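**Student:** sequence plus predicted model, see below.
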Amino acid sequence: MTRLCPNEAAALMLDQGQTPTAAIEGCRWAIRETGFADNILLYRTLQCGGQSTTVELRVGKNTTELVYARRADGGPTRDADGQPLVLARVFAGMPGGRARAIHEARDRVGDKQRAARCTLRAPYHAEGLPTDALIVDVLRTRAEVVREDAEPLCGPLGYNPAGGSIEFWRTHQGHAWYFMLGTDIWDVDPGSFTIVRKQASGQWLRLTAPG
């Protein structure tokens, strides 16, 4: 696609936080790319011998998703219903960035008064997450955060105290990304996703748009 060498691609990436240590012996992080509308998406995934994790863009009527195409560790690429396993939901258009993340989360909350209390916040458990990771939730006290019977209040795209999956928002380059990474070993570096666009000169540059 871009024909960029690894050093050139790495120089374009919007890394957020340190790339995690490859958690599987004999594996390493490698830069991948996939088509992204009229642009290219750069990202890091695990490569284990001749196997690597790759993702594809699936454009639907109401949403765009990044789904797993291959897994370096032989993990699943389909969910329990046989549908492509989703890595992230991607929202573009207006409003963009952070405003879009809030809009999408609130739009899925049935109680509109409660929805109005949902806003972007720093994750309660940020270790290992990209430095720009965000969650959507109401204001909670620390005691409410650690309660075992705490309830999700901001819908399916909001903070879920029950856990079971590591989910968070990132907003950059005019897009809002809702990552759903599960609790297993990550084979994708969520802080590395960067959109690049080819210029008339033939040079590849990061897409410039407000986050």
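**Tutor:** All right, it came through fine.

**Student:** isn't D184 right up against G75?
**Tutor:** Yes: using Cβ atoms under 8 Å, D184 makes contact with G75 at a distance of 7.2 Å. The way it works is simple: take the backbone N, C-alpha and C, and place the C-beta from them, glycine included.

**Student:** ramachandran angles for the residue nearest in space to the middle of the chain?
**Tutor:** Central residue of the chain (Cα atoms, centre = their mean): F179, 3.4 Å from the mean position. When quoted as degrees, to the nearest 10, the phi and psi of F179 stand at phi -90, psi 140.

**Student:** contacting residues around it?
**Tutor:** Applying Cβ atoms under 8 Å, 6 or more residues apart in numbering to F179 gives the contacts 87-88, 166-170, 190.

**Student:** 6 Å - rerun?
**Tutor:** Going by Cβ atoms under 6 Å, 6 or more residues apart in numbering, F179 touches 88, 168, 190.

**Student:** which residues does it bridge with?
**Tutor:** Beta-bridge partners recorded for F179 (DSSP bridges): A88, F168.

**Student:** so what does the helix-or-strand element of the chain with minimal mean pLDDT touch, helix or strand wise?
**Tutor:** Lowest by mean pLDDT, DSSP states H and E among the helices and strands of the chain is helix 142-146, with a mean of 79. Under the contact criterion of 3 or more Cβ pairs under 6 Å, 6 or more residues apart in numbering; DSSP states H and E, helix 142-146 touches no helix or strand at all.

**Student:** which pLDDT value belongs to T19?
**Tutor:** As predicted, T19 sits at a pLDDT of 62.

**Student:** quick one: the helices in the protein?
**Tutor:** For the chain, applying DSSP state H gives helices covering 6-12, 97-107, 112-115, 142-146.

**Student:** cool, thanks, signing off.
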